[in-house]
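[1] Give me coordinates for this.
(4 chains)
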There are 2 protein chains.
Amino acid sequence: MVKIMSNLSNNMEEYLKKLLKLSTAGFIDIRRKELASKFSCVPSQVNYVLETRFTLERGYMVESKRGGRGFLRIRRIHLPVENILAMFFQEAADNGIGSKKAKDLILRLYESKFISFRESRLIEASLGSLQLIKDESLRDKLRGKMLKEMLMVLV
Amino acid sequence: MVKIMSNLSNNMEEYLKKLLKLSTAGFIDIRRKELASKFSCVPSQVNYVLETRFTLERGYMVESKRGGRGFLRIRRIHLPVENILAMFFQEAADNGIGSKKAKDLILRLYESKFISFRESRLIEASLGSLQLIKDESLRDKLRGKMLKEMLMVLV
DNA sequence: ATTGTCCTGACCATCTTTGACCTTAGCTGA
DNA sequence: TCAGCTAAGGTCAAAGATGGTCAGGACAAT
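    Just a heads-up that it's a prediction; the model follows:
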């Protein structure tokens, strides 16, 4: 009797991921308008889903073409752990990192088997405690530093 | 026979616990507004009940999502209630804990095989980053909270 | 009377959805 | 040819839908 809450964006995300799994090519091509119509929403809703769910941080790449015969192409990418870590160290470790990006990063490291499930939960728990800090800038900075220190230990 | 005071909060608590018992999934999802409406109170009352009755110490975990189709998810978790560690964590989370005590605790947890070597290093790394914080009181408090959150996750 | 618990309401933060307006690519007909 | 039409996709800001926080007053227990 437990109802799982789902919304348009989540449904569309699931749908696209299912398509991706089924595809042999490693990517899928879709029409923005058609997809929007299938889910009875405005086309820009599709952009929202792509921007929030199919980001590089989560391991996806989106290409597109406008005009007649335009398309949206979604690709699953599997970066080696070193690249994932390198991206983090290059742009987030010192300048701070938002909580959403941090979560995505942890998820990817887990998916890549670089860290265990317990370790991923441990890291998330430590970062989650930072909500105690009011100053957002300090929070982001600390989050970056903590992640860096923790990942260094694991290398 | 102790008579349970019947007030809004207690009623809501009982109601939620009944739902939890009935659920096969081990958790329930609710809408804050709906629940408030069912009990004819303001939505923030729900938060009050969750904060006072469905705490980690009492064996519950609450997750939530805001925005359209948001939800509150209450989960029953099974901790050894009379666990002395749990009390210690609570104390640490409430009043903070110094870095030396924290280190000793981590060491003991590792020695008793409660956590792995990597995990112990991970925890120390995250706590070490707190040096970035100037305010000692905030630092101790954060250290306590992080420790608690991290170890709770591992139980 | 004092203290702790309960409730409320105003204001805040976050996530989602929509719609008006913009840009780009391909096609077509004078 | 190539200007203009048509068919895509892109951006952005505002509105909508939830949940979160906090201070203060009401009320109950002692």
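[2] what domains does the record give for chain A?
    Chain A is divided into the following domains under automatic domain parsing: A:8-76, A:81-154.
[3] Regarding chain A, what is its longest helix?
    In terms of residue count, the longest helix belonging to chain A (DSSP state H) is helix A:136-154.
[4] that older thread, what's the closest of the domains of chain A to DNA strand C?
    Checking the domains of chain A against DNA strand C by C-beta to the nearest atom of the strand gives domain A:8-76 as the closest, at 2.3 Å. C-beta: built from backbone N, CA, C; applies to glycine.
[5] Going by residue numbers, what spans are helices in chain A?
    Using DSSP H, helices in chain A cover A:8-22, A:32-38, A:44-53, A:81-91, A:99-111, A:117-128, A:136-154.
[6] so how far is chain B from the spatially most central residue of chain A?
    Nearest to the geometric centre of chain A sits residue A:58, at 2.9 Å (C-alpha atoms, centre = their mean). Residue A:58 sits 17 Å away from chain B, going by C-beta to the nearest C-beta, to the nearest Å.
[7] which residues touch that residue?
    A:104, A:107, A:108 (C-beta atoms under 8 Å, 6 or more residues apart in numbering or on different chains).
[8] do the same with residue A:76
    Residue A:76 touches A:20, A:26, A:27, A:59, A:60, counting by C-beta under 8 Å, 6+ apart.
[9] same question, residue A:103
    residue A:124.
[10] can you check residue A:114 too?
    Applying C-beta under 8 Å, 6+ apart to residue A:114 gives the contacts A:81, A:84, A:154.
[11] can you rerun that using 6 Å?
    The contact partners of residue A:114, taken as C-beta atoms under 6 Å, 6 or more residues apart in numbering or on different chains, are residue A:81.
[12] Pop out the phi and psi values for it.
    phi -80, psi -30 (degrees, to the nearest 10).
[13] Name the nearest residue to residue A:149, sequence neighbours excluded.
    Among residues not flanking residue A:149 along the chain, residue B:125 sits closest, at 4.1 Å (C-beta to C-beta, 6 or more residues apart in numbering or on different chains).
[14] For the one you found, give its distance to residue B:106.
    When distance is defined by C-beta to C-beta, to the nearest Å, residue B:125 is 11 Å away from residue B:106.
[15] Rebuild the helices of chain A as CSV, extending it with mean pLDDT.
    Below are the helices of chain A laid out as CSV (pLDDT from 0 to 100):
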stretch, mean pLDDT
helix A:8-22, 96
helix A:32-38, 96
helix A:44-53, 97
helix A:81-91, 86
helix A:99-111, 90
helix A:117-128, 92
helix A:136-154, 90
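[16] For these, please prepare JSON lines with the additional fields distance to DNA strand D.
    Below are the helices of chain A laid out as JSON lines (distance: least, C-beta to the nearest atom of the strand, whole Å):
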{"stretch": "helix A:8-22", "distance to DNA strand D": "10"}
{"stretch": "helix A:32-38", "distance to DNA strand D": "3"}
{"stretch": "helix A:44-53", "distance to DNA strand D": "3"}
{"stretch": "helix A:81-91", "distance to DNA strand D": "20"}
{"stretch": "helix A:99-111", "distance to DNA strand D": "13"}
{"stretch": "helix A:117-128", "distance to DNA strand D": "11"}
{"stretch": "helix A:136-154", "distance to DNA strand D": "13"}
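[17] For residue B:71, which of the ones you listed is the nearest?
    Nearest to residue B:71, of all the helices of chain A, is helix A:8-22, at 11.4 Å by C-beta to C-beta.
[18] Number of residues surrounding residue A:136?
    Using other C-beta atoms under 10 Å in any protein chain shown, residue A:136 has 10 neighbouring residues.
[19] ok, now how distant is it from chain B?
    Separation of residue A:136 from chain B (C-beta to the nearest C-beta) stands at 14 Å.
[20] Residue numbers of chain A in contact with chain B?
    Applying C-beta under 6 Å from any C-beta of the partner chain, one finds that chain A approaches chain B through A:2, A:5, A:7, A:121-122, A:125-126, A:129, A:132, A:142, A:145-146, A:149-150, A:153.
[21] Show the buried residues in those.
    Among the residues of chain A next to chain B, those classed as buried by 16 or more other C-beta atoms under 10 Å in any protein chain shown are A:2, A:5, A:121-122, A:125-126, A:129, A:142, A:145-146, A:149-150, A:153.
[22] quick revisit: neighbour-wise, which of the contacts of residue A:58 leads?
    That'd be residue A:108 among the contacts of residue A:58, by other C-beta under 10 Å, with 23 neighbours.
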